[in-house]
Every structure is written in structure tokens, then in C-alpha cells.
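Trainee: Sequence and computational prediction follow.
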Amino acid sequence: MNYFLLAGTAAENGVSNVDLILEYVIYAAIIVVGLFVLALLRRAGRLPKHGELKKQLAAFIGELEIFRRSAASLTRYQFFRRVSKLLYRADKLEFITAQMSDKERDGDIGSASLLIQNARDLISPYKYGKRDSADLAGFTEAIEKVKDAAQIIDNIIARDSELKARRSKKNES
């Protein structure tokens, strides 16, 4: 019924039905694209699961070890850029774990976040000053801190799987 009303008013104003339909199709396309963008933003802003976080920490440990081994052969600029990237990655991991800790109210994830922050603090002096490749003890300590954080996440994953097994056993009974 509304279509007939719109068609009647459109005819009076000199707008054809094709123009009216085209206008509504364009509005619908804009709405669909907007919903798609919102879905992408939601996906990009979500926190990772514990398994994904473990993979990210393992990748970060690998990057730190590769850097430690190849630091002697890097130029000053390459050294600065790689340390900057590692600091950015540490900041990102620290932020993610802090957000997960707040969301889940889990102190263990908070302690992993603190270990990552400590590792970042150990790496940061190398960004502008300590260029001595023989003295990469800070990177060795940082790797150990991140490994400890990864171990905490492993323990959380084991705890979660144990709780899931208990729940499924309880639901079966």
C-alpha cells in the first residue's frame, strides 16, 4: 500500500518510478556496506583467545632470538628500526594482555602483562643508546621474561581445558 502512495506522490512531483526504485536500492547498498564495515571493525577490535595469544608470544620470542643472533651484522639504522619494531610489538602484546586481564578479571594474565612490560623495559635502552652488540644481555633477559609470560599463558590454557572437562563431565551426570 505504501508503494502505491509513494508512486502516486512521485508521479505528481514528476519523479519516475524507476528513479524512486533506484534511489531505494542505493540506500539499501549503503546500509549493507555500513553493516559490513561495522562487522570488520568489531572483528579487528576483539581480543585474541588464549591460544592465539600463545602463538603471538611464541612469534615474539622467535623475533627476539633472531634479532639477538643477527644484531652484530646490522647497521646502526637497521638496528634502530628493528629495536623500534620489537618495542612496538612488546607494547601491543602488553596492551592486549592488560585488556584481557581486565576483561576476564584474571590476575595470572595480569602477571603475564607485567612480565611483557618488564621485557619491554629491558629492550628500550637499546633503541637510542646501547649499540654494543657484545652486550645484548638485556635481550637475553627479555627473552626469558617473555618465555615466563608464555608459560603463564600455557598454564591458563591447561586450567581452561581442565575446567571445560569438568563442566562437560558434570553436564553428562
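Mentor: Received, thanks. Residues are numbered from 1 along each chain as shown.
Trainee: how far away is K127 from D160?
Mentor: Per C-beta to C-beta, to the nearest Å, K127 is found 36 Å from D160. C-beta here means a position set from N, CA and C on the backbone, and glycine is covered the same way.
Trainee: the more surrounded of these two?
Mentor: Between K127 and D160, counted using other C-beta atoms under 10 Å, K127 has the larger neighbour count: 16 against 13.
Trainee: Just confirm that one contacts K85, I think it does.
Mentor: No: contact criterion C-beta atoms under 8 Å: K127 and K85 do not qualify, at 10.5 Å.
Trainee: secondary structure class for V15?
Mentor: Following DSSP: H, G, I helix; E, B strand; the rest coil, the label given to V15 is coil.
Trainee: Give me the distance between it and I21.
Mentor: 11 Å.
Trainee: Low-confidence ranges, this protein, go.
Mentor: Along the chain, the model assigns pLDDT under 70 to residues 1-14, 129-134, 173.
Trainee: ok, A112 - how many residues close by?
Mentor: Residues within reach of A112, counting by other C-beta under 10 Å, total 29.
Trainee: what about it, helix or strand, and which?
Mentor: Secondary structure assignment for A112, by DSSP states H and E: helix 107-123.
Trainee: And for P48?
Mentor: Assessed by DSSP H and E, P48 sits outside every helix and strand.
Trainee: Touching, it and I96? I think so.
Mentor: Yes: using C-beta under 8 Å, P48 makes contact with I96 at a distance of 6.6 Å.
Trainee: list residues touching both of these two?
Mentor: Common contacts of P48 and I96, defined by C-beta atoms under 8 Å, 6 or more residues apart in numbering, comprise Q56.
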